[in-house]
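Student: pasting a predicted model and its sequence here:
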Amino acid sequence: MNINENLLYTVEHEWISVEGNKGRIGISDYAQHHLGDIVYVELPEIEGSAAMGESIGVIESVKAVASMYSPVGGTVLEVNEELESAPELLNEDCYENWVAVIEISDPSEVDMLLDAKAYAAFCATLD
Amino acid sequence: MNKLIFEKHVPNSNAFSLPPGMIPEGDIQESIPEQFLRRAAAALPEISEVEAVRHFTELSTRAYGVDSGFYPLGSCTMKYNPKINEWAARIPGFAGLHPYQPEATVQGALQLYYEMQEMLAEITGMDAFSLQPAAGAHGEMAGVMIIKAYHMNRQDQPRTKMMVPDSAHGTNPATANVVGYDVIEVKSNERGLVDLDDLRAKMSDEIAGLMLTNPNTLGLFEEEIKEIAAIVHEGGGLLYYDGANLNGVIGVARPGDMGFDVIHVNLHKTFGTPHGGGGPGSGPVGVKARLQEFLPTPVAVKNGDSYGLDYNRPLSIGKLKNFYGNFGVIVKAYAYIKSLGADGLKEACEHAVLNANYLRHRLRESYNIPLDRICKHEFIANSRKQAEPNGISTLNIAKRLIDYGYHPPTIYFPLIVSEAIMIEPTETESKARLDDFVQVMKDIAREAVEAPELLLNAPQQTAIKRVDEVTAARKPVLKWGDH
């Protein structure tokens, strides 16, 4: 399984790359692999706000429908519209193909996320 | 693949001719206003009678139902549907009724309707039922609307959220959402049951209730259901019972006694009426006395020696369907309950549980069973043992079962078990049938090692081979030709 060293992760298998007060977010390799072929992405709403861990979008594969949760609280600034017509990009490269950019409302929440090493250890405890 | 009937079109080969009617023919333009007349003829296929019969006979051989073979589709309770139920629904006095007939002329039908409400209340431990909802998800929606009406009537307004376990049927969060609740997910513990600490932490005065299936989708009985009910009730919420898995406890334990306030039952699962295309379904909703006034209308009532339909229920969530639910299905389920009786229902449940445990026990050598302990009517296996060295997934096993003439179990559900295979044999299968299924599953496990291409390319014995589900979902073609 591929874990990008430079990102932070959640136990719900989202990643976030923090740049100042902005965070670029996506789903991890574990998530895309377990979902299988992704066939639809319901993108977050621009200007919508979510608390840490609140559902902001939906990712649908042939096997399952999963919520995507906001790794930290914030307001959605940008979404990756390419995913609307090409959801398979998340299978092809889940770290290159981000889902949304959010403005982080409380930077202290970033400290609660898992680094690559802790996330790898967490994944090892799963099926 | 066979041609569509449109592709078999031969001009002027119409299969029918109508005899002259008693009403004189007239020009359509004289009786229907100009703007409603179509300008081009409808593009209907023309085909001879014998070719039409062959076309549909051929299609009928593609169908698979419980009458064709074993159908262990977990959580769907695909039990045999006794044919006596069909006889009952076809009795002319039921089949020929008109929904607008005066009540005095349909007393037998109303009596059956009333008695069905009473029997379902007794079986589930509730106080009152409405037979209105037309299917399981419709019954769920009615139940959650009742919960909402209850809180609104008490002016307990801030309750905007509904709790649903992470093992729940997908219809539970969907229903809560449709009725206007935000969904709060409750975690399962390592034993596959509701995590009480998580439930306690999430219960608050914003929570309208908890939707629960018991036995749950892992086929496991929620042993701490009394404590679960206490946590929800003490927090001011209500407890909703998803009746999809009622077959695992019917006749033995009652949701009403466990502390549930609202329930829907699936007559097309637990009570032996046909599913899907052979249905329709029926999802009666039942409640405890304090919620009775919110039931959908109409409710059948008995006044002295006569029966009627009560619409005068000011706090009711209203009418959910034309007329009186799916009446024919209710007749079939009534016949089912009456032919089994109280002892028969209990025995059916015991055999459903025995059959599931028998399969679990016999399959554990060949397949991984994540929560391998006594289950109720269904259990979860997965393909972990088959993953190496040939990359066999649950999907491949399911597809290979089709080649052996079996309908695959439910797969990739519940979501909390990776690569899940959910097997529900039901009580109506014999030991000989179960043994044959076990043998086939063992053969497939052996093939997974010795001849993996048989699984990876399955099915091969069917008219349509492996379908490309990914392209079908990403680029669906939703119409044929230019029609």
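Tutor: Good, I have the coordinates. The structure presented is a predicted model; accordingly, all values stated were derived computationally and were not measured.

Student: ok, what's across the strand from residue A:67?
Tutor: residue A:58 (DSSP bridges).

Student: measure it to residue B:104 for me?
Tutor: 54 Å (C-beta to C-beta, to the nearest Å). (Glycine included, C-beta is placed from N, CA and C.)

Student: list the helices and strands the lengthiest helix in chain A packs on?
Tutor: Of all segments of type helix in chain A, defined using DSSP state H, the longest is helix A:116-124. Packing partners of helix A:116-124 (3 or more C-beta pairs under 8 Å, 6 or more residues apart in numbering or on different chains; DSSP states H and E): strand A:8-9.

Student: show me the contacts for residue B:409.
Tutor: Applying C-beta atoms under 8 Å, 6 or more residues apart in numbering or on different chains to residue B:409 gives the contacts B:72, B:73, B:74, B:398, B:401, B:421, B:422, B:423, B:424.

Student: number of residues surrounding the closest residue to the last one other than its chain neighbours?
Tutor: Meaning residue B:424. Nearest residue to residue B:424 in three dimensions, chain neighbours excluded: residue B:378, at 3.7 Å (C-beta to C-beta, 6 or more residues apart in numbering or on different chains). Using other C-beta atoms under 10 Å in any protein chain shown, residue B:378 has 33 other residues around it.

Student: residue B:378 touches residue B:421, doesn't it?
Tutor: No - Residue B:378 sits out of contact with residue B:421 when judged by C-beta atoms under 8 Å, with a separation of 10.7 Å.

Student: distance of the residue nearest to residue B:424 from residue B:415?
Tutor: In terms of C-beta to C-beta, residue B:378 sits 16 Å off from residue B:415.

Student: sorry, back to before: if I look at the residue nearest to residue B:424, how far off is residue A:24?
Tutor: 43 Å.

Student: got a list of what residue B:143 touches?
Tutor: B:240, B:262, B:263, B:264, B:285, B:287.

Student: now do the helices in chain A.
Tutor: Per DSSP H, chain A carries helices over the ranges A:29-35, A:82-85, A:89-92, A:116-124.

Student: which parts of the third one are buried?
Tutor: Using 16 or more other C-beta atoms under 10 Å in any protein chain shown as the burial criterion, the residues of helix A:89-92 that qualify are A:89, A:90, A:91.

Student: need those in a markdown table (columns: pLDDT and distance to residue B:177).
Tutor: Output for those, formatted as a markdown table (pLDDT from 0 to 100; distance: C-beta to C-beta, whole Å):
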| residue | pLDDT | distance to residue B:177 |
| --- | --- | --- |
| A:89 | 96 | 27 |
| A:90 | 97 | 24 |
| A:91 | 96 | 27 |
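
Student: can you put those in CSV and add distance to residue B:158?
Tutor: What follows is those, written out as CSV (distance: C-beta to C-beta, whole Å):
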residue, distance to residue B:158
A:89, 41
A:90, 37
A:91, 41
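
Student: which one of those residues sits closest to residue B:298?
Tutor: residue A:90 (49.8 Å; C-beta to C-beta).

Student: could you measure that closest one against chain B, distance?
Tutor: For residue A:90, the distance to chain B equals 12 Å [C-beta to the nearest C-beta, to the nearest Å].

Student: ok, that residue - contacts?
Tutor: Counted by C-beta under 8 Å, 6+ apart, residue A:90 has contacts A:26, A:27, A:32, A:38, A:41, A:59, A:83, A:97, A:99.

Student: now with 6 Å, please.
Tutor: For residue A:90, the contacting residues are A:32, A:38, A:97, by C-beta atoms under 6 Å, 6 or more residues apart in numbering or on different chains.
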